[in-house]
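Chemist: Next one to model:
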Amino acid sequence: MELKIGLKTSLMHVSYEDVRRVWQEADEMTEIADAWLWDHLLPLAGDRGGEVLEGWTTLSALAAQTSRLRLGLLVTSNRLRSPALLGKMASTVDVISGGRLVMGIGVGGTVQPPDAGGVLGENPAVAEFAAYGIPLIRPGEGIARLDETVRILRKMWTEEEFDYQGPFTTLVGTRNAPKPIQPAGPPLLIGAWGERALRVVAEHADIWNIPGPPHNTVEHVAARSRILDRLCEAAGRDPSDVERSVQVIVADDGAAEARKAIAELTAVGVRHVVVGSRRQYRPGGMTWLVEEVVRPAHETSRI
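Modeler: Model (predicted):
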């Protein structure tokens, strides 16, 4: 399988005009296959009072102003929107984009209780969710809710009308029109790293995503991928049916390190890498990213 490389623009301390310009530049660069936003309501670093654009409304605008890139959120927080509302939003963006959406989703903000080793003050989701009135839940419930949401999304994209009774959601007479342009709905990308969440990936996902360097080593990614292989087999799926996807942050002067990381990731079976750098917003930044990181990574992967 050929290596695909995407672009991520985290909506923190950056203007909409800059994000739109970068996406439109990327739309003209055929070496870049897809583009991604994030899903947070407050900055996770730097000035906590800084600007943050909301992910899905921004994605809808960018879907209308690009024509080639596949697109999505890496990843949607399952804690911020109800499942049926999210299904309607995703269907709408798929229609606006002409069938280019990839449905990226993850558990979202959860907390480990202090008696289980959790430290609330170290979790950025605490302040974010408190500011927006969203209750934090334990990881086990978060994973169960993610599984339920995925099941509801599939129904909304493929069934004309349905009822649903689950542990967290009750739906009666749910209809969703227009349906996504993609016949079975957008491909499903799930971001996960813990074994319990990887079970949801093994059962439902088309693509699995995990943060890579500098957050996780290549060895860690490979170890998680082996666990996913085992869980796919236990679920009756061929592990090769789940594409392996990794995010790589590129420092302003980190092109060589990024090229090395991508080469090592492809060697352990990763076939989709999403890169992002603050330098991409500067004049000539996208050209630098493609010439110094993206194009060489493609060339290396073909050797």
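
Chemist: And the residue nearest in space to the middle of the chain, how far from residue 191?
Modeler: Nearest to the geometric centre of the chain sits residue 74, at 2.0 Å (CA atoms, centre = their mean). Applying CB to CB, to the nearest Å, the value for residue 74 to residue 191 is 7 Å. Any C-beta I mention is one placed from the backbone N, CA and C, and that applies to glycine too.

Chemist: any residues in contact with both of these two?
Modeler: Taking CB atoms under 8 Å, 6 or more residues apart in numbering as the contact rule, the neighbours common to residue 74 and residue 191 are 104, 209.

Chemist: so residue 294, which of the three states?
Modeler: helix (DSSP: H, G, I helix; E, B strand; the rest coil).

Chemist: you'd agree it is up against residue 31?
Modeler: Yes. The pair residue 294 / residue 31 is scored as a contact, 4.8 Å apart, by CB atoms under 8 Å.

Chemist: got any residues that touch both of those two?
Modeler: Joint contacts of residue 294 and residue 31 (CB under 8 Å, 6+ apart) are residue 5.

Chemist: circling back: quick one, phi/psi of the residue nearest to the centre of the chain?
Modeler: phi -120, psi 90 (degrees, to the nearest 10).

Chemist: okay but residue 184 is in contact with residue 157, surely?
Modeler: Yes. Using CB under 8 Å, residue 184 is in contact with residue 157, at 6.8 Å.

Chemist: Compare neighbour counts for those two and give me the winner.
Modeler: residue 157 (21 against 12; other CB atoms under 10 Å).

Chemist: Which positions in the least confident helix or strand in the chain by mean pLDDT come out as buried?
Modeler: Every helix and strand in the chain was compared by mean pLDDT, DSSP states H and E; the lowest is helix 124-131, with a mean of 85. If you call a residue buried by 16 or more other CB atoms under 10 Å, then helix 124-131 has these buried ones: 125, 128, 129.

Chemist: so who does residue 300 touch?
Modeler: 259, 262, 263, 266.

Chemist: Provide the secondary structure category for it.
Modeler: helix.

Chemist: Excluding chain neighbours, give the residue nearest to the residue nearest to the centre of the chain in space.
Modeler: Using CB to CB, 6 or more residues apart in numbering and skipping the chain neighbours, the partner closest in space to residue 74 is residue 36 (3.9 Å).

Chemist: host element of the one you found?
Modeler: For residue 36, the host element (DSSP states H and E) is strand 34-37.

Chemist: what do you get for residue 141?
Modeler: helix 139-158.

Chemist: Residue 84 reaches residue 168, doesn't it?
Modeler: No. Between residue 84 and residue 168 there is no contact under CB under 8 Å: 11.9 Å.

Chemist: So between these two, which is more surrounded?
Modeler: Between residue 84 and residue 168, counted using other CB under 10 Å, the more crowded position is residue 84 (18 against 13).

Chemist: tell me which element that one falls in.
Modeler: For residue 84, the host element (DSSP H and E) is helix 83-97.

Chemist: May I see the buried residues of that helix?
Modeler: Buried-residue list, helix 83-97, by 16+ other CB under 10 Å: 83-84, 86-97.

Chemist: Of those, which is the nearest to residue 44?
Modeler: The shortest gap between residue 44 and any of those belongs to residue 86, at 21.6 Å (CB to CB).

Chemist: Tell me who's in contact with residue 43.
Modeler: 12, 13, 49, 50, 52.

Chemist: Lowest-confidence entry in those residues?
Modeler: Of all the contacts of residue 43, residue 49 has the smallest pLDDT value, namely 81.

Chemist: Contact partners for it?
Modeler: Neighbours of residue 49 in contact, by CB under 8 Å, 6+ apart: residue 43.

Chemist: Can you classify it as helix, strand or coil?
Modeler: Using three-state DSSP, the secondary structure recorded for residue 49 is coil.

Chemist: Need the contact partners of the strand or helix carrying residue 260.
Modeler: Element membership of residue 260 [criterion: DSSP H and E] is helix 255-267. If you take CB under 8 Å, 6+ apart as the criterion, helix 255-267 is touched by 3, 5, 212-213, 218, 221, 246, 248, 250-251, 273, 275, 288, 292-293, 296-297, 300-301.

Chemist: what's the pLDDT at residue 214?
Modeler: Taking residue 214 on its own, its pLDDT is 88.

Chemist: Please disregard the earlier target; I meant residue 112.
Modeler: With respect to pLDDT, residue 112 has a value of 68.

Chemist: Tell me, how many residues neighbour residue 230?
Modeler: Neighbour tally, residue 230, other CB under 10 Å: 13.
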